[in-house]
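1. Compute the structure for the input listed below.
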Amino acid sequence: MIASDLVQTDAPTLSPDDTIADAAELLTQYEHSAIAVVDGKGGLLGSVGEEDILALALPTAVQEPDRLSYLPRCYGLRDLSDEKLRATRVADVMRKEGVVTVEEDEPAAQAALLIIRHHQPQVFVVRDGVLVGRLCRKQIIAQIINPTLGLACHP
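-> Numbering: from 1, shown residues only. Take a look at the predicted model:
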């Protein structure tokens, strides 16, 4: 079995010009941990994930999680109603490096290995740098592990 046998081709995508509000809406609507960012031809440019959105809620001076311990308990998250923050573009916060990909003709086991090694819930499946879709842990478990164990598949 290869990655293209399991890939979710209808996964949502973002453009670099979309807003953070667009990204947050897609992340919650589809319950994905990250959304691919693509150019006009479908080329994978990067991704925006839950961590990237959460980091925007942290006070500007303390976006390093290990530095939060000195804050008083009453110190809350940044007010996300700020118009400048809401207008932030995906291009300003997307990850360009460290985005885990697998070619569509790679074995599904290779995708599973990358997911494990990189501690990611998904990999993006590409064909010559163009996004084909996403492959997540749940799909691998449902389509490969569950049938091997004789369990029903519910991706």
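2. which residue sits closest to Glu50, ignoring its sequence neighbours?
-> In this structure, Glu50 finds its nearest non-sequential neighbour in Ser33, 5.5 Å apart by Cβ to Cβ, 6 or more residues apart in numbering. The way it works is simple: take the backbone N, C-alpha and C, and place the C-beta from them, glycine included.
3. Contacts only, for Asp18.
-> Counting by Cβ atoms under 8 Å, 6 or more residues apart in numbering, Asp18 touches Arg89, Val90.
4. and the residue nearest to Glu50, what does it touch?
-> So Ser33 contacts Leu27, Gly49, Glu50, Gln120, Pro121, Gln122 (Cβ under 8 Å, 6+ apart).
5. now the fourth one: how far from Leu85?
-> It stands for Gln120. 27 Å (Cβ to Cβ, to the nearest Å).
6. Comparing these two, which shows the higher neighbour count?
-> Gln120 (19 against 16; other Cβ atoms under 10 Å).
7. wait, isn't the more buried one in contact with Val100?
-> Yes. Contact criterion Cβ atoms under 8 Å: Gln120 and Val100 qualify, at 5.2 Å.
8. hey, what's in contact with both of the two?
-> Shared contacts of Gln120 and Val100, counting by Cβ under 8 Å, 6+ apart, come down to Leu114.
9. Lowest-scoring secondary structure element of the protein by mean pLDDT?
-> Lowest on mean pLDDT, DSSP states H and E among the helices and strands of the chain sits helix 146-149, with a mean of 62.
10. three-state assignment of the nearest residue to Pro12 once chain neighbours are set aside?
-> Leaving aside its sequence neighbours, Pro12 sits nearest to Leu26 (Cβ to Cβ, 6+ apart; 4.8 Å). Following DSSP: H, G, I helix; E, B strand; the rest coil, the label given to Leu26 is helix.
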